[in-house]
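Peer 1: Just to be clear, the model below is a prediction. Sequence and coordinates:
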Amino acid sequence: MKLQRMNRRALSLGALAVSGALALTACGSDDTGSSSGSSSSATAAAGSIKCDDAKGQLLADGSSAQKNAIDAWVKNFTQACSGVQVNYKGSGSGAGVTAFTQGQVAFAGSDSALKPDAVAASKSVCTGGQGIDLPMVAGPIAVAFNVSGVDNLTLDAATIAKIFDGKITNWNDAAIAKLNPGAKLPDLKIQPYHRSDESGTTDNFTKYLIAATPDNWKYSGGKAWQAKGGQAAAGSSGVAQGVKQTNGAIGYMELSYAKDGLGTVAVNTGASAPVKPSSDGATKAVAAAQVVGTGSDLSLKLDYNTKAEGAYPLTLVTYEIACDKGNKAATLPATKAFLRYIASEDGQGILSGIDYAPIPDAIIAKVRTTIEGLS
Amino acid sequence: MDISTQNTDTDDTPPPTAPAAPPPVSAEQKRAARGATRPGDRIFLGLSRGSGIFLLVIMAAIAVFLTYRASLAISKDDANFLTTFEWNTSLVPPKFGIAVLAFGTVVSSVIAMVIAVPIAVAIALFITHYAPRRLSGPVAYVIDLLAAVPSIVYGLWGALVLVPHMDGLFGWLNDYLGWTGVFSWEKGAPRSMLTVGVLLAVMILPVITNVSREVFRQVPQMHEEAALALGATRWEVIRMSVLPFGRSGVISASMLGLGRALGETMAVATVLSPDFDIHASLLNPGGGTFAQNIASKFNEATEFGRDALIASGLVLFVITLLVNGAARMIIARRKEYSGANA
């Protein structure tokens, strides 16, 4: 109890500091705006954002996987609506959902849909309503490798599972060679890297393995890594760094981390050609998803076995979580305005440029309708 | 008058859970206070007693908080909390245990102590007894500065510099001592308990060195001169007068270092490749420590997961108390050597 109270005080202090800083920068951007009022891009971005009567402080917390997308959105949004300050702390999906069910934030970001007990807990915050999931950002999870002499690598779900489970231990294994005819695979030990911290990326990666190859991945899944063996590192950045340092390493991470000398695995999904991770491929995979949420909840169930051409099935969908009814009156206009912007064509349009993927049209249309109905 | 009422106020503040100061001592202190005629004495007495009680209250409050939150989690644990090699609080029913963490915490700290204590004592002796004055000043100053480097910086240094450079040492250990099993290595990335131990050793070195140096400086000049007069060499002086005199001080210094090693969080989380298993080899990746596990799991943990992590923190709290208690006992037994403790 004491801890929570202190947290809240620290939060409000932090909020004060941030809002002060933002208020100052807002003044600055106002000036430049009036002097170059006809600058095309700024007005275009500002023109499509409806601020309505949104103002004040909008606190949010949650998934670090979508932090970069939120940062880009906040930049555009606060340029257009200088009366609103959005403060998104990317402290993790679990922390975000907890903050939401305790009423500390207006909305939360999460890599997985609300669990039933979290929905129950949200009812005390959303008077007359409950927390709902709004899919906003998708992102491909890349399987990146560092093997000297190998630039292109194709794997399927079964070999990925066997590699990360320590069943395939050498790069010249017959199963890998069969998927990569003509490639010069070295006689080198495979060092699979996974996350040491609990993570939505791990959750989604193992969800894929469970759905796509249940015979080879018999673990129950979840945010904590369960298979034995291999190397572990903290954060996607830690995994990327570990793979970079080690010849023969392979690891999973968000696409934006798979750079600088790391190759990404093309996944053989059964489509005519293996699929490399890309923003486009992730959107195609999400298009095959089903909405499984009830009522206004729009949580998705991905089809991990999709054979659609170009669809990259190893994809993570992150949600914004807000109340369907009973949002706080003080923050409702700002929440609606911000969510409306990020679900808009402009908002979704910036995603592929920063290694995320937009939500397909059919689903985002439902999201837009739901946002208009928030109260 | 005001002051005396304040005193009684502070006596009333601790809740019943706090181990109150034993009555004979406080009565004695009161008598001492009454004996003191000047207000300054009484103010100082009140301040220092208040601080002492305040500390006990804080400790008790931490213990109560940890125990309460821990009991929430442990009561729902489907596996044995003490012996399970798994940490999965999101399973239904949840399964988690601290066996691996306790093992890893103790092992990494012991490795750190084995490496750091002899080196720290040697540095302290060098500074106080061998180095020319012109050199000893700057060396001592640099070591003081090392103690102030934040642990995440050590963690980054460990991940970027130490880990890539451990290959050679690990290969050598594997070639010559691999047959023991403790030093066998499967040629993976060297992000193991031994690497963590080496990193922790570097981190606790300045603390142990600084305190030992101060202790060695306190050795009475007469002892050393007497030994020299009897014809002792410099090493014999150190062995016969400096080390026995400083022993309890060095133990205290080591305990300060051990405390840091036991609780080190970010550096371990950055360098170690953890898993929930106990490995015979110190060179293969795996294992984990309490603080590292809490740092890795806290962000994504649910409310229940956090309670479970707090339960593991409680075990670390208990281990730290036990270690400190043991150290106090060792020091008490060696009291006869120490002029400083008398």
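Peer 2: Perfect, I can see it now. Residues are numbered from 1 along each chain as shown, chains lettered A, B, ... in the order given.
Peer 1: Let me know how buried residue 234 is, in neighbour terms.
Peer 2: Picked chain A for this. Neighbouring residues of residue A:234 were enumerated by other Cβ atoms under 10 Å in any protein chain shown; the total is 25. (C-beta placed from N, C-alpha, C; glycine too.)
Peer 1: let's do chain B instead
Peer 2: Neighbourhood size, residue B:234 [other Cβ under 10 Å]: 14.
Peer 1: For it, give me its contacts.
Peer 2: Each residue near residue B:234 by Cβ atoms under 8 Å, 6 or more residues apart in numbering or on different chains is listed here: B:129-130.
Peer 1: same question, residue B:277
Peer 2: Applying Cβ under 8 Å, 6+ apart, we find residue B:277 in contact with A:228, B:85, B:100, B:286-287.
Peer 1: With adjacent residues omitted, what lies nearest to the closest residue to chain A within the stretch 1-150 of chain B?
Peer 2: For the stretch 1-150 of chain B, the nearest residue to chain A under the criterion Cβ to the nearest Cβ is residue B:90, separated by 4.6 Å. Counting by Cβ to Cβ, 6 or more residues apart in numbering or on different chains, residue A:222 is the residue found nearest to residue B:90 once chain neighbours are left out, at 4.6 Å.
Peer 1: Could you measure from that neighbour over to residue A:292?
Peer 2: If you measure residue A:222 against residue A:292 using Cβ to Cβ, to the nearest Å, the figure is 19 Å.
Peer 1: rewinding a little: okay, and which of the contacts of residue B:277 map to helices?
Peer 2: residue B:100 (DSSP state H).
Peer 1: and which of the contacts of residue B:277 is nearest to residue B:142?
Peer 2: Taking Cβ to Cβ as the measure, residue B:287 is the one of these closest to residue B:142, at 32.4 Å.
Peer 1: At the contact with chain A, which residues of the stretch 201-342 of chain B appear?
Peer 2: B:269-270, B:272-275, B:277, B:285, B:295-297, B:299-303, B:305 (Cβ under 8 Å from any Cβ of the partner chain).
Peer 1: Just the ones of these in helices?
Peer 2: Counting by DSSP H, these place B:269-270, B:295-297, B:303, B:305 in helices.
Peer 1: how about the residues you listed, which pair is most distant?
Peer 2: B:270 and B:303 (26.8 Å).
Peer 1: of these two, who's got more company?
Peer 2: Just comparing residue B:270 and residue B:303: by other Cβ under 10 Å the higher neighbour count belongs to residue B:270, 27 against 17.
Peer 1: Does residue B:309 touch residue B:297 like I think?
Peer 2: Yes: taking contact to mean Cβ atoms under 8 Å, the distance of 5.9 Å between residue B:309 and residue B:297 places them in contact.
Peer 1: can you pull the contacts of the residue of the stretch 251-375 of chain A found nearest chain B?
Peer 2: Residue nearest to chain B within the stretch 251-375 of chain A (Cβ to the nearest Cβ): residue A:251, separated by 11.4 Å. By Cβ under 8 Å, 6+ apart, the residues touching residue A:251 are A:143-145, A:192-194, A:233, A:239-240, A:242-243.
Peer 1: Doesn't it lie inside a strand?
Peer 2: Yes: the secondary structure assignment for residue A:251 places it in a strand, going by DSSP: H, G, I helix; E, B strand; the rest coil.
Peer 1: I'd like the distance between it and residue B:128.
Peer 2: Looking at residue A:251 against residue B:128, where the rule is Cβ to Cβ, the gap reads 49 Å.
Peer 1: about what we covered before: what about the residue nearest to residue B:90, is that helix, strand or coil?
Peer 2: The three-state label given to residue A:222 by three-state DSSP is coil.
Peer 1: which residue sits closest to residue A:164, ignoring its sequence neighbours?
Peer 2: Using Cβ to Cβ, 6+ apart and skipping the chain neighbours, the partner closest in space to residue A:164 is residue A:192 (4.8 Å).
Peer 1: Number of residues surrounding the one you found?
Peer 2: Neighbour number of residue A:192 under other Cβ under 10 Å is 24.
Peer 1: that's a strand at it, yeah?
Peer 2: Yes: the secondary structure assignment for residue A:192 places it in a strand, going by three-state DSSP.
Peer 1: I figured it was touching residue A:243, is that so?
Peer 2: No: in this structure, residue A:192 is not within contact of residue A:243 by Cβ under 8 Å, at 9.4 Å.
Peer 1: List the residues that are in contact with both of these two.
Peer 2: Counting by Cβ under 8 Å, 6+ apart, the residues touching both residue A:192 and residue A:243 are A:249-251.
Peer 1: need the next SSE after the longest strand belonging to chain A, C-terminal direction.
Peer 2: Scanning chain A for the strand with the most residues, using DSSP state E, yields strand A:131-146. The first helix or strand that comes after strand A:131-146 along the chain, using DSSP states H and E, is strand A:154-155.
Peer 1: Can you convert the contacts of residue A:251 into TSV and add a column each for distance to residue A:306?
Peer 2: Putting the contacts of residue A:251 into TSV (distance: Cβ to Cβ, whole Å) gives the following:
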residue	distance to residue A:306
A:143	17
A:144	22
A:145	23
A:192	25
A:193	26
A:194	24
A:233	30
A:239	25
A:240	27
A:242	30
A:243	27
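Peer 1: Show me which positions of stretch A:125-141 end up buried.
Peer 2: Across stretch A:125-141, burial judged by 16 or more other Cβ atoms under 10 Å in any protein chain shown covers A:125-126, A:129-141.
Peer 1: show me what contacts the residue nearest to residue B:90?
Peer 2: Residues in contact with residue A:222 (Cβ under 8 Å, 6+ apart) are A:202-203, A:206, B:88, B:90-91.
Peer 1: and which of those is nearest to residue A:159?
Peer 2: Sorting those by how near they are to residue A:159, with Cβ to Cβ, puts residue A:206 at the top with 15.6 Å.
Peer 1: Please identify which helix or strand holds the closest one.
Peer 2: When the helices and strands are read off by DSSP H and E, the one containing residue A:206 is helix A:200-212.
Peer 1: now for that helix, which elements pack on it?
Peer 2: Here helix A:200-212 touches strand A:131-146, helix A:157-164, strand A:191-195, strand A:249-254, strand A:315-323, going by 3 or more Cβ pairs under 8 Å, 6 or more residues apart in numbering or on different chains; DSSP states H and E.
Peer 1: one step back: what's the pLDDT at the residue of the stretch 251-375 of chain A closest to chain B?
Peer 2: Confidence per residue is given as pLDDT, and for residue A:251 that number is 96.
Peer 1: Which residue comes closest to it once chain neighbours are left out?
Peer 2: Nearest non-adjacent residue to residue A:251, counting by Cβ to Cβ, 6+ apart: residue A:193, 3.3 Å away.
Peer 1: Can you give me the neighbour number for the one you found?
Peer 2: 28.
Peer 1: who does it bridge with?
Peer 2: Per DSSP bridges, the residues bridged to residue A:193 are residue A:231, residue A:251.
Peer 1: and it, what does it touch?
Peer 2: A:230-233, A:239, A:242-243, A:246, A:249-252.
Peer 1: Could you measure from residue A:276 over to residue A:360?
Peer 2: Taking Cβ to Cβ as the measure, residue A:276 falls 19 Å from residue A:360.
Peer 1: Close to chain A: what parts of the stretch 1-150 of chain B are there?
Peer 2: When proximity is defined by Cβ under 8 Å from any Cβ, the stretch 1-150 of chain B lies next to chain A at B:65, B:87-91.
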